[in-house]
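A.B. asks: Sequence first, then the predicted structure:
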Amino acid sequence: MKRVIVLFVALLVALPTMAMLPSNGYEEELGLRDKSQSQVKPQVELNVGFITGGKLLTRNFGKVNTNLSRPYFEVIGGARIGSYLFVGVGTGVQYLYGECNLVSSIAGLGGKGAPDTWGALTVPIYANVKGCFATRTIVTPYISLSIGGQVITTSNFSRQDYGKLRGGLYMKFGAGLTISKFNFGLGLASHSMEWIDDSGKTMFNAGNNAFYIEAGVAF
């Protein structure tokens, strides 16, 4: 019985000391975490990806079946604000290819010699925001939103009889994982374009929604 009482008293004495140890460690950890969250660090991402083909959505002609596939390379530079936010600006290059059925699908658009395949090089310019979910591991999930525009530098659609292709709004929304310094993402890409005549008048415009997948590195 005496041994039980001694152990009980010893435990009562030791409890306050034991309680102080995790408290000090936890406060130190919180201090380091708050310091990390308050830091602003520059960050650059290099990504390669692929946007699948999809239908064109037009106001006047409805949905037009076409294969508009786009491999791309992009560079995003910005700042990592703490552990949960990234803000930056991105650009890159995309190559549009695949079977194009516009001339046969839309009466009055094309003339002889109109291209039956896509062949365009575009340069998107956009703002990018990422919300990161910080964890205690090297794996960090995130959601990403990009909004901007795109410039079409070269295109098969440049003749007078079927109109010149011009770029428009560009958006990407998706989610991904950062594993150490490597990024893996997927989501939905959307962009608009229009065909103009020699006077600059819009002949018609269209939009395209498709899925994308990408991988890259951040440093």
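C.D. replies: Looks like it arrived, so ask away. Numbering: from 1, shown residues only.
A.B. asks: Surely Phe182 touches Phe219?
C.D. replies: No. Applying Cβ atoms under 8 Å, one finds Phe182 not in contact with Phe219, separated by 10.4 Å. C-beta here means a position set from N, CA and C on the backbone, and glycine is covered the same way.
A.B. asks: Any stretches of this protein with poor pLDDT?
C.D. replies: For the chain, applying pLDDT under 70 flags the ranges 1-38, 60-61, 101-116, 158-162.
A.B. asks: rewinding a little: so which of Phe182 and Phe219 has more stuff around it?
C.D. replies: Phe182 (12 against 8; other Cβ atoms under 10 Å).
A.B. asks: Who are the contact partners of the more buried one?
C.D. replies: Counting by Cβ atoms under 8 Å, 6 or more residues apart in numbering, Phe182 touches Ala215, Gly216, Val217, Ala218.
A.B. asks: Strands - which of these land there?
C.D. replies: Ala215, Gly216, Val217, Ala218 (DSSP state E).
A.B. asks: any idea which of those is closest to Lys201?
C.D. replies: Of all the ones in strands among the contacts of Phe182, Lys201 sits closest to Gly216, with 39.8 Å by Cβ to Cβ.
A.B. asks: Nearest spatial neighbour of the closest one, chain-adjacent residues omitted?
C.D. replies: Asn47 (3.3 Å; Cβ to Cβ, 6 or more residues apart in numbering).
A.B. asks: ranges for the helices of the chain?
C.D. replies: Assigned by DSSP state H, the chain shows helices spanning 2-37, 102-105.
A.B. asks: sorry, back to before: just the buried residues from the contacts of Phe182, in ChimeraX please.
C.D. replies: Those of these that count as buried under 16 or more other Cβ atoms under 10 Å are selected in ChimeraX with:
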select :216,218
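A.B. asks: now the contacts of Phe182 as a markdown table including distance to Asn128?
C.D. replies: Shown next, in a markdown table, are those (distance: Cβ to Cβ, whole Å):
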| residue | distance to Asn128 |
| --- | --- |
| Ala215 | 16 |
| Gly216 | 12 |
| Val217 | 16 |
| Ala218 | 12 |
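A.B. asks: which one among the contacts of Phe182 gets closest to Gln39?
C.D. replies: Nearest to Gln39 among those, with distances taken as Cβ to Cβ, is Ala218, at 15.7 Å.
A.B. asks: tally of neighbours for Tyr142?
C.D. replies: 19.
A.B. asks: Quick check: the gap between it and Glu194.
C.D. replies: 33 Å (Cβ to Cβ, to the nearest Å).
A.B. asks: Next: Cys132.
C.D. replies: Distance from Cys132 to Glu194, counting by Cβ to Cβ: 36 Å.
A.B. asks: related to what we said a few turns ago, so which of the contacts of Phe182 would you say is closest to Ile125?
C.D. replies: Ile125 lies nearest to Gly216 out of the contacts of Phe182, by Cβ to Cβ, at 17.9 Å.
A.B. asks: That closest one reaches Asn183, doesn't it?
C.D. replies: Yes. Using Cβ under 8 Å, Gly216 is in contact with Asn183, at 4.6 Å.
A.B. asks: Can you give me the domain boundaries for this protein?
C.D. replies: Using automatic domain parsing, the domain parsing of the chain gives 1-38, 40-218.
A.B. asks: Single out the most deeply packed of those domains.
C.D. replies: Highest mean neighbour count of those: domain 40-218, a mean of 16 (counted as mean count of other Cβ atoms under 10 Å).
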